[in-house]
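Visitor: need a 3D model of the following:
(one chain, ligands or ions: 1)
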Amino acid sequence: MEKIAILCSGGDVSGMNPALKRFVEYSYAKGMQPFFVYNGYEGLIDNTISIANYQDVAGIMIRGGTKIRSARSARFSEASYRAIAAENLRQKGISKLVVLGGDGSFRGMERFHDETGIAFCGIPSTIDNDINGTDYCLGVDTALNVIKNAIDSIRDTASSFRRAFVIETMGRDCGYLALVSAITSGAEVCLIPEIPIDIHEYKGCFESQIRNGRDYFIAIVSEGLKNAQEVSQWFEEELGFESRVSVLGHIQRGGNPSVYDRLMAYQFVTHAIDTLLKGNNNSVVCYTKSHFEFKSISEVALNPYHLDQALLTLGREQFAPSHCQM
Ligand code: ADP
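Guide: As a prediction, the model looks like this:
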């Protein structure tokens, strides 16, 4: 019986557990023995690798995070530890690996593959949605829904207290989460690295809005800009509006996986296993223009991600100070 393993590496996302469930079910359906590697690349080195059964994945569809845990591993960057990891897999007869992770994890896997010949397929998994070559990364939809709920709740208190709320979303240097959240929550301000806006340019427009009865502001800022405090101060000092900063933080990574992430998890894993069975032994499953396709690590991990132009245009139309409605 052919043996195949799965691991989660780097930041966890909601959707990993549905992916594990599909992995176990589909591996058995294809006549393979599935294995779980616990604790990411650390687990490959420490040999925390065990057979996965149907019981292991019972009831996990609704849970965020990952049952097999994720990790970052400094040791995996060293060739000597990667050799130990390869030996652990060989001893169990595992020659195929599915990796749920980000571009860093894929770079590590490519090295591992080059050195050992162990086949792998990557599934882009990060709430930041910042991996080149794929329009969608597992976990993004759940994160967006968590952010939506948070902003909707904050809006209730903002309007009750006549306040400005500056809400910082995750995303590292990528403004995707902030931009989509700002558009879909009806925020007044969206500040992301990809659309440079000077907050001072809103002054005249916002003063006029306040005169016309506006009693709260919602500003979404991306963590990459590191300016939430500064923007909050601007509301207080320039507009005389009491202001609070709310850093959403790690709540964005967790939560009950959305329907979309469950479905994407199933499709990503199905494609990953199918391509490994076809002998494609060093690729990442990407989702672009509503299709799944396989790309090389170099295309995915060595090039920077650029936010979709149509989304950026929408963002500019919505949030440019020159378009601010008095
Ligand atoms: P992500 O996969 O979310 O981008 P990281 O960049 O933290 O997360 O990478 C996850 C892990 O992948 C690292 O802890 C390390 O073990 C491994 N890794 C990343 N880059 C390399 C590399 N160039 N060589 C070997 N291993 C790497």
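Visitor: mind listing what Asn47 touches?
Guide: Asn88 (C-beta atoms under 8 Å, 6 or more residues apart in numbering). In short, each C-beta sits where N, CA and C put it, glycine included.
Visitor: any idea how far it lies from Ser77?
Guide: 19 Å (C-beta to C-beta, to the nearest Å).
Visitor: element containing Glu87, please.
Guide: Applying DSSP states H and E as the criterion places Glu87 in helix 79-92.
Visitor: any part of that helix near the ligand?
Guide: No: figure legend: helix 79-92 not in contact with the ligand (C-beta under 6 Å from any ligand atom); closest approach 7.2 Å.
Visitor: the residue nearest the centre of the chain in helix, strand or coil?
Guide: Nearest residue to the geometric centre of the chain (C-alpha atoms, centre = their mean): Ile127, 1.7 Å. Secondary structure for Ile127, judged by DSSP: H, G, I helix; E, B strand; the rest coil, is coil.
Visitor: for the residue nearest to it when sequence neighbours are not counted, the count of nearby residues, please.
Guide: Among residues not flanking Ile127 along the chain, Ala143 sits closest, at 3.8 Å (C-beta to C-beta, 6 or more residues apart in numbering). Residue crowding around Ala143 was assessed by other C-beta atoms under 10 Å; the count is 32.
Visitor: show the backbone phi and psi for Ala143.
Guide: Note on Ala143: its backbone torsions stand at phi -60, psi -40 [degrees, to the nearest 10].
Visitor: do the same with Lys21
Guide: Dihedral angles for Lys21 - degrees, to the nearest 10 - are phi -60, psi -50.
Visitor: quick one, what contacts it?
Guide: 57, 60-61.
Visitor: so who does the residue nearest to the centre of the chain touch?
Guide: So Ile127 contacts 11, 13, 137, 139-140, 142-143, 170-171, 177, 252-253 (C-beta under 8 Å, 6+ apart).
Visitor: and it, how far from the ligand?
Guide: Going from Ile127 to the ligand by C-beta to the nearest ligand atom, to the nearest Å gives 10 Å.
Visitor: returning to that earlier point: my read: the residue nearest to Ile127 touches Gln252, true?
Guide: Yes: using C-beta atoms under 8 Å as the test, Ala143 is close enough to Gln252 to be in contact (4.8 Å).
Visitor: find the closest residue to the ligand in this structure.
Guide: Gly104 (1.9 Å; C-beta to the nearest ligand atom).
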